[in-house]
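**Student:** Next comes the sequence, and after it the predicted model I'd like to discuss.
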Amino acid sequence: MGVNRQSATPALGQGGNGVRAEAKRKKQSDRLFRYATLMPAVIALVIFTVYPMLNLLQMSVSTITFAHGGAVWQFTPLANLAKLRDDSVFLATLRNTLVFVVVSVAIEMTLGFALAVAVSALGRFKGLIRSVMILPILVPPVAIGSMWKLMYNYNFGIFNQMLAWFGLGPVGWLSDPNLALVSVIIVDIWHWTPFVFLILFAGVEGLPREVIEAARVDGANNWQIVRKIILPLMGPAIAVAFIFRSILAFKVFDQIFLLTSGGPGTATEVVSLLLYRVFFAQNDMGYGALLSLVVIAMIVAFLLGARRMVAGRA
Amino acid sequence: MLTLNGRELWIGYALVIGSALAIVAPFLWILMTSFKFPIAISTGALWFSPTGFNYADVLFGARSDFPRNVANSLVVGAVSTILVLVIGTLSAYSLARLRWARWVGRLFLGWTMLFNTVPVLTIVGPWYLFFQQLGLYNTLAGLIVAHIIINLPMTVWLMMTFFRDIPVELEEAARVDGCTPAQAFFKVILPLAVPGLIAAGILAFVFSWNEFAVALNLTSRMTATVPVGIAQFAQQYEIQNGQMAAASIISTIPALLLMFFGQRFVVQGLTMGAVK
Amino acid sequence: MATVEVQALNKSYGAFHALHDISATINDGEFVVLVGPSGCGKSTLLRCLAGLEEISSGEIRIAGRVVTDLEPRERDIAMVFQSYALYPHMSVRENMAFNLILRKTPKDKIAVVVEEAAAILGIEALLDRKPRELSGGQRQRVAMGRAIVRHPQVFLFDEPLSNLDAKLRVQMRSEIRALHDRLGATSVYVTHDQVEAMTMADRIIVLDLGKIIQMGSPLELYERPVNRFVAEFIGSPSINILSGKIALGGRLVLPGRDGDYEIAAPEGAVPGDVEVGIRPEDFVAVETGGLTGTVRVVEHLGAETYVILDRDGSMIYWRVPGTTRVAVGETLRLTSDPSRLHLFRPSDGARL
């Protein structure tokens, strides 16, 4: 662009080179601000996310042992792959995680939507309900885990107590291999339905009133309004809640660590717990890195697929 | 909105009241438990004489690490929140307004999105080795760095949404009025983004206070945070149920404070991206 | 001496050529209005003058100084935005003083200048309020105040009245013009509203598709539009365009089902097809001959009346005094003074 401007008539009066040089200097300070604002974040991300992620590659082909307070790396490209091939726990873990994500997110979305529509329709207690619903989201997941661990307690937990009133139980909520995953899912539903509610409630409240009133004038009953008007209009909010929840559910760690630590057996072992166990209980940094890469690859594939799906719909 | 009547009205009330009770009840039960002697807990007694024993033991017991956990959590939460706000706000403004080539924003947001989607435990392994090399392992500084990184994506996205809501004309007016880009940011835009800063800051602090997976693996007894401390009660050979309940209740205090005093900002922060 | 000179200015966004070889000179103290349909580049041009957009090639001079590469803050200009762009966190006083504070003007001087400007605009009572406590008209005045405290070389206005209601718009229009005359500043004013352009401007620059179509005083544009586009853009109701033919022998023929309408063609007209523009007020009713049309709609505005006639399916606007009585369904015959006709070439709309 500078070249083009040279062709214009030479500057009149006090214009000319002095002004241009000054302009250039000023622009440089402007550019400096532009870099200075973005660079801290970029540098932090490169050092503490990009580099460690690349490090995973090297770790995944190594066997790392700890001696004299330092890590000793050995290049063993196939050892970890062999472990992966023989790892039945990993498959069980993927299955558990999938069940956990699908079941809990499906129930949370349904409940959260129903609740959002109900609170909006009743038009009362809006503030109160919102206050109550914020609580589980803000409380440390570990505290939620320990709360429910106490409530699920075989001997004195509230559930077995209540069953006892009817002459039932006791039930091994967390110790029965057939029940443990369900119990863990129940906690997640309790924990995260409020989050879905908050997002969908904001969505419902943001809907144009006139459209719903028009539908009512057109003779739609409540059920039809929900099905034909509210649900389609809420599409974006529902999608956001769904994506957020799926990602968070896939990453679940804290509560399950507290409740069952993955047990009994591998009944509630999920991806994050397995990574923790391999990395820090078995101290197998190399194999942990390989598992991490597999998980990351699956997520990238999922994200690309999801993006294509969204793009295809738009 | 919908007008409910008859049966629908009852279903609506049942759903709403039932849900509210279901959310609150576990908190009440655990609160109750935290005031019971161990004997009363293990018999499941509904009637008991309340005691502050568990709290006293957790907070003032000679063997208890919990006060140190609280102090660590406060330091890590406060410092990492301030730093992530500075770094995140600057970069969010830069990406939202300072005319970077499109690929810069895409790469930045794409990478943070990916980083935020993968389980944090995939990166805690490399961090463990890296932090040992750097001398950050088992230090509060190390945990602060980790929490800055974990909270950076959320902070950037949230602040970008806020900056995009501020009309470009204000910046242009400032530039015509004589501001350099830096002055336009600090004198005009930043004051208007204060609600966003509060929302992002609250969430960053809460997430840092609650964070468990990284703290568990990069700290040990002297540097452990509150969630790690709570987990300790469950991990010990004999589970200390009363202390665990008391510590859990204490750990919810920031959440309770925010529920009463910062609710507007929390809801805004949590729902911002979703509704737009 | 605050002239604004633009020379061979081009602006493109990638492949899109937003402004095309714009050259114009705005004289000291002149009030120039940039007008055109949306997307014509008028706002872009204004933003280039302000320095908010970098230009692709060409040169801009303000008061003889080349400002092409300068930042907005270095150009000594003030701008009033469509949305006013008042700083919401500052009081009216702080809004108006912001530029002076940035320039490190002494405090007592700032106070004097702000009070003065507030007095001119009649907003002394609002100085300590925040923008959100003001009505639309008051915000508009504050935005003006922010501009005038600086005594800039040039005022730039970007559709400043489009957020006001119709009545206020008419009032502010004359106030801005009066202010301009009082300050003796150079003003460049962007609007899509041709009425604003006609009423306020010393000179109008009509833009379309990124090019200057015509520059001239309001009456020049109205009486001698360079092409059909300008003719249709300026004037309300819009000019009537009819297709016709220049016959041999210097007669202009407007064919119609109920007989052709023939008049003497303006001098020097070349035989061939033409488009004929007739302003709604240039028709005269006659008993015989002329264009025939059936009255479809009569719009009474009070002082004047618009009569809309159907002539073989195309609509003709006729503007008559409010005292004229016309009934729907009537068939009328209209003629026009040949000297009031505008002839355009059908292929490109250029004036003949």
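**Tutor:** That came in fine, so what should we check first?

**Student:** Would you confirm that B:Phe48 contacts B:Ala40?
**Tutor:** Yes - in terms of C-beta atoms under 8 Å, B:Phe48 counts as a neighbour of B:Ala40; the distance is 4.2 Å. Quick note: C-beta positions are derived from backbone N, CA and C, even for glycine.

**Student:** These two: which has the busier surroundings?
**Tutor:** B:Ala40 (20 against 16; other C-beta atoms under 10 Å in any protein chain shown).

**Student:** wait, what's in contact with the more buried one?
**Tutor:** Residues counted as contacts of B:Ala40 (C-beta atoms under 8 Å, 6 or more residues apart in numbering or on different chains) are B:Phe48.

**Student:** Ok, C:Lys211 next?
**Tutor:** Listed by C-beta under 8 Å, 6+ apart, the contact set of C:Lys211 reads C:His20, C:Asp21, C:Ile22, C:Gly41.

**Student:** what do you get for C:Val113?
**Tutor:** C:Leu100, C:Thr105, C:Val149.

**Student:** Can you report how many residues lie near the last one?
**Tutor:** A count of nearby residues for C:Val149, using other C-beta under 10 Å, gives 24.

**Student:** so A:Lys228 touches A:Ala215, yeah?
**Tutor:** Yes - applying C-beta under 8 Å, one finds A:Lys228 in contact with A:Ala215, separated by 7.3 Å.

**Student:** More neighbours: which of the two?
**Tutor:** Ranked by neighbour count (other C-beta under 10 Å), A:Lys228 and A:Ala215 place A:Ala215 first, with 16 against 12.

**Student:** Where does the prediction get shaky in chain A?
**Tutor:** Applying pLDDT under 70 to chain A flags the ranges A:1-27, A:68-69, A:310-314.

**Student:** Find the helix or strand that the residue positioned nearest the centre of it is a member of.
**Tutor:** What sits nearest the mean C-alpha location of chain A, by C-alpha atoms, centre = their mean, is A:Leu248, with 2.5 Å. In the assignment (DSSP states H and E), A:Leu248 maps to helix A:235-250.

**Student:** How about that helix and chain B, any contact?
**Tutor:** Yes - Helix A:235-250 is in contact with chain B by C-beta under 8 Å from any C-beta of the partner chain, via A:Pro236, A:Ala237, A:Val240, A:Ala241, A:Phe244, A:Ile247, A:Phe250.

**Student:** which residues are contacting that helix?
**Tutor:** Residues from elsewhere that reach helix A:235-250, judged by C-beta under 8 Å, 6+ apart: A:97, A:100-101, A:104-105, A:108-109, A:112-113, A:188, A:192, A:195-196, A:199-200, A:202-203, A:231, A:271, A:299, A:306, A:310, B:116-117, B:119, B:273-275.

**Student:** can you tell me if the next helix or strand after that helix touches chain B.
**Tutor:** As assigned by DSSP H and E, the chain's next helix or strand after helix A:235-250 is helix A:254-259. Yes - using C-beta under 8 Å from any C-beta, helix A:254-259 reaches chain B at A:Asp254, A:Phe257, A:Leu258.

**Student:** Beyond helix A:254-259, next helix or strand please.
**Tutor:** From helix A:254-259, the next helix or strand downstream (DSSP H and E) is helix A:271-276.

**Student:** contact partners of that next one?
**Tutor:** With C-beta under 8 Å, 6+ apart as the criterion, helix A:271-276 contacts A:89-90, A:93-94, A:97, A:250-253, A:256-257, A:261-262, A:288, A:291-292, A:295, B:119-122, B:125, B:213, B:216-217.

**Student:** Give me the buried subset of the contacts of helix A:235-250.
**Tutor:** Listed as buried from those are A:97, A:100-101, A:104-105, A:108-109, A:112-113, A:188, A:192, A:195-196, A:199-200, A:202-203, A:271, A:299, B:116-117, B:119, B:274; burial here means 16 or more other C-beta atoms under 10 Å in any protein chain shown.

**Student:** ok, back up a step: next step: the contacts of C:Lys211 restricted to strands.
**Tutor:** C:His20, C:Asp21, C:Ile22 (DSSP state E).

**Student:** per-residue confidence for the second one?
**Tutor:** Listed pLDDT for C:Asp21 reads 92.

**Student:** my guess is it contacts C:Gln7, does it?
**Tutor:** No - counting by C-beta under 8 Å, C:Asp21 does not reach C:Gln7; the two are 9.5 Å apart.

**Student:** more neighbours, the two?
**Tutor:** Each of C:Asp21 and C:Gln7 has its neighbours counted (other C-beta under 10 Å); C:Gln7 has more, 18 against 14.

**Student:** Establish whether whichever strand or helix holds the more buried one and chain B are in contact.
**Tutor:** Using DSSP H and E, C:Gln7 sits in strand C:4-13. No - between strand C:4-13 and chain B, judged by C-beta under 8 Å from any C-beta, nothing touches; the nearest distance is 12.4 Å.

**Student:** which helices and strands sit right next to that strand?
**Tutor:** strand C:16-26, helix C:42-50, strand C:57-62 (3 or more C-beta pairs under 8 Å, 6 or more residues apart in numbering or on different chains; DSSP states H and E).

**Student:** so what strands line up beside that strand?
**Tutor:** According to DSSP bridges, strand C:4-13 forms sheet pairs with strand C:16-26 (antiparallel), strand C:57-62 (antiparallel).

**Student:** what's the helix or strand just after the first one packed up against?
**Tutor:** Spelled out, that is strand C:16-26. Note on strand C:16-26: by DSSP H and E, the next helix or strand toward the C-terminus is strand C:31-35. Contacting strand C:31-35 under the criterion 3+ C-beta pairs under 8 Å, 6+ apart are the following elements: helix C:42-50, strand C:186-191, helix C:194-200, strand C:203-208.

**Student:** what about the helix or strand containing B:Val84, near chain C?
**Tutor:** Using DSSP H and E, the element containing B:Val84 is helix B:66-97. No - figure legend: helix B:66-97 not in contact with chain C (C-beta under 8 Å from any C-beta); closest approach 13.0 Å.

**Student:** which residues in the stretch 1-150 of chain B form helices?
**Tutor:** With DSSP state H, counting those that start in this stretch applied, the stretch 1-150 of chain B shows helices at B:7-34, B:38-43, B:53-60, B:66-97, B:102-117, B:121-134, B:140-165, listed in chain order.

**Student:** In a markdown table: the ones you listed, plus distance to A:Phe156 and mean pLDDT.
**Tutor:** Output for the helices of the stretch 1-150 of chain B, formatted as a markdown table (distance: least, C-beta to C-beta, whole Å; pLDDT from 0 to 100):
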| stretch | distance to A:Phe156 | mean pLDDT |
| --- | --- | --- |
| helix B:7-34 | 9 | 89 |
| helix B:38-43 | 5 | 76 |
| helix B:53-60 | 15 | 86 |
| helix B:66-97 | 23 | 95 |
| helix B:102-117 | 39 | 91 |
| helix B:121-134 | 33 | 91 |
| helix B:140-165 | 35 | 93 |
